[in-house]
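[1] Quick one, what's the 3D model for this:
(one chain, ligands or ions: 1)
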Amino acid sequence: MNQQIDPWGQVNIKNYENLCKDFGIEEFSKILHKIPDPTLAMRRGVIFGHKDFELVLQAIKEKKDFIMMTGLMPSGTFHFGHKTVVDQMIYYQEKGAECFITVADIEAYLTRDITLEKAREIAINEYLTNYIALGLKPKKMNFYFQSNWKKEYNNLSKFISKRTTFNEIKSIYGDTNPAKITSALIQVADILHPQLKEFGGPRPTVVPVGADQLPHINFTRDIATRARSEFNFIRPSATFNILIPGLRGGKMSSSITESYIAFTDTPETVAKKIRKYAFSGGQATIEEHRKKGGDPNIDVSYQWLRMLFEPDDKKLEKIYNEYKSGKLLTGELKEILIEKVNSFLKEHQRKREQAKKHIDKFILQE
Ligand code: TRP
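    Here you go, the predicted structure:
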């Protein structure tokens with residue numbers, strides 16, 4: 001195996017094609033034409049891979065029951081790097097999925113030293129509020145905290161320990177410790193428990209996640225197979241998205257303010273951050289830029305337009321060509337992005353205020 005992924009470490013995947021080969025991930029682009037009303041991230045290759053997505057596609061087409069299950073790590077500010085998964089949650093909900101979304105508060109406690117109270121506050125104020133503002137509905141929705149969910153789920157997280165070995169855990173996760181192993185087993189239960197009879201029984205399941213979660217998906221699928229005789233699980237499907245680049249080109253991370261735009265940033269902050277930090281694919285001087293042109297493939301403003309903010313293919317292509325030919329300058333490209341981000345946020349921040357009134361509808365079950 002050429003690449004190792006540590007889901008709790010600093011994941012920096014350089015080559016997604018190799019990743020597909022190394023981990024047996026199917027390329028998403030090959031099935032894109034079969035997908036009804038694909039999301040922007042699906043169309044633009046932000047979702048680069050999948051496992052067994054056909055099972056879910058079939059359920060969507062035949063209007064059969066299926067599950068959307070994913071989780072969030074409540075460790076900091078909600079930013080645009082998280083939006084791709086939320087757009088998918090909403091997409092599957094609209095296609096009829098029963099949704100299970102977990103707040104990984106136990107995992108945050110075990111692996112990031114975050115208290116359950118802090119995790120709860122972040123989950124509600126940062127994540128849930130934005131999910132609702134982006135369009136998530138309370139219908140067929142189970143939004144739960146790992147620390148506070150039903151007993152069959154809790155039992156499952158322990159039962160499955162019988163279906164693995166130390167050797168398997170070492171080969172999947174490399175260096176681990178009991179806290180990480182516990183987190184991994186809980187995540188397996190997160191993904192499989194919606195198929196227990198108490199939660200509606202075996203159904204195709206889609207788990208939209210970032211590529212860093214791949215080891216958990218593989219582990220879960222193996223355990224699902226081994227526990228089939230007992231629970232009749234259908235092996236869960238998954239989609240994988242690339243990690244959207246941070247403003248300065250490196251990782252987008254809640255712990256580096258210059259790397260992201262938050263959903264609560266003001267128009268002035270947005271403009272300042274983009275002008276000051278957005279990594280440019282342009283040349284050092286205007287003369288040189290006019291002559292040689294810029295490189296949209298490394299320019300973060302262009303990449304953000306492609307991955308997040310410009311749904312119109314024709315407009316995007318025009319920007320690409322003009323930047324590459326040198327007609328469009330880096331400063332001008334940045335202004336296009338600033339305008340897009342700010343008009344999105346203006347509307348979003350209004351919806352966020354509305355969303356606060358609906359939070360109770362999502363966490364009633366407890
Ligand atoms: N481990 C995930 C993260 O770090 C959070 C998570 C917990 C999760 N349970 C899950 C993701 C189940 C997908 C499915 O972000």
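
[2] Which residues of the stretch 51-200 of the chain lie near the ligand?
    Proximity of the stretch 51-200 of the chain to the ligand is confined to 69-71, 73, 102, 104, 107, 187, 190-191 under the rule C-beta under 6 Å from any ligand atom. Heads up, the C-betas are built off the backbone N, CA and C, glycines and all.

[3] now with 8 Å?
    Proximity of the stretch 51-200 of the chain to the ligand (C-beta under 8 Å from any ligand atom) is limited to residues 69-73, 102, 104, 107, 146, 183, 186-187, 190-191.

[4] Any chance of a markdown table for these, columns neighbour count?
    Formatted as a markdown table, those follow (neighbours: other C-beta atoms under 10 Å):
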| residue | neighbour count |
| --- | --- |
| Met69 | 26 |
| Thr70 | 23 |
| Gly71 | 22 |
| Leu72 | 23 |
| Met73 | 21 |
| Thr102 | 25 |
| Ala104 | 25 |
| Glu107 | 27 |
| Gln146 | 25 |
| Ser183 | 23 |
| Ile186 | 25 |
| Gln187 | 25 |
| Asp190 | 26 |
| Ile191 | 28 |
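
[5] And the pLDDT at whatever residue of the stretch 251-366 of the chain ends up closest to the ligand?
    Closest to the ligand within the stretch 251-366 of the chain is Ser254: 11.5 Å, counting by C-beta to the nearest ligand atom. pLDDT for Ser254: 84.

[6] hmm, back to that, next step: the residues of the stretch 51-200 of the chain next to the ligand restricted to helices.
    107, 183, 186-187, 190-191 (DSSP state H).

[7] tell me the secondary structure for Ser171?
    Classification of Ser171 by DSSP: H, G, I helix; E, B strand; the rest coil places it in helix.

[8] er, Phe100 I mean
    Here Phe100 is strand, with the state taken from three-state DSSP.

[9] Verify the contact between it and Gln195 for me.
    No: in this structure, Phe100 is not within contact of Gln195 by C-beta atoms under 8 Å, at 10.2 Å.

[10] In this protein, which residue is most central in space?
    The centroid of the chain falls nearest to Val85 when counting by C-alpha atoms, centre = their mean (3.5 Å).

[11] Might you report the residue contacts of that one?
    Taking C-beta atoms under 8 Å, 6 or more residues apart in numbering, we find Val85 in contact with 70, 208-210, 241.

[12] Next one, pLDDT for it please.
    As predicted, Val85 sits at a pLDDT of 96.

[13] For Lys324, see how far away it is.
    According to C-beta to C-beta, to the nearest Å, Val85 stands 31 Å off from Lys324.

[14] for Glu353, same thing?
    Counting by C-beta to C-beta, the separation of Glu353 from Lys324 is 41 Å.

[15] Mind checking which of these two has more residues around it?
    Lys324 (18 against 10; other C-beta atoms under 10 Å).
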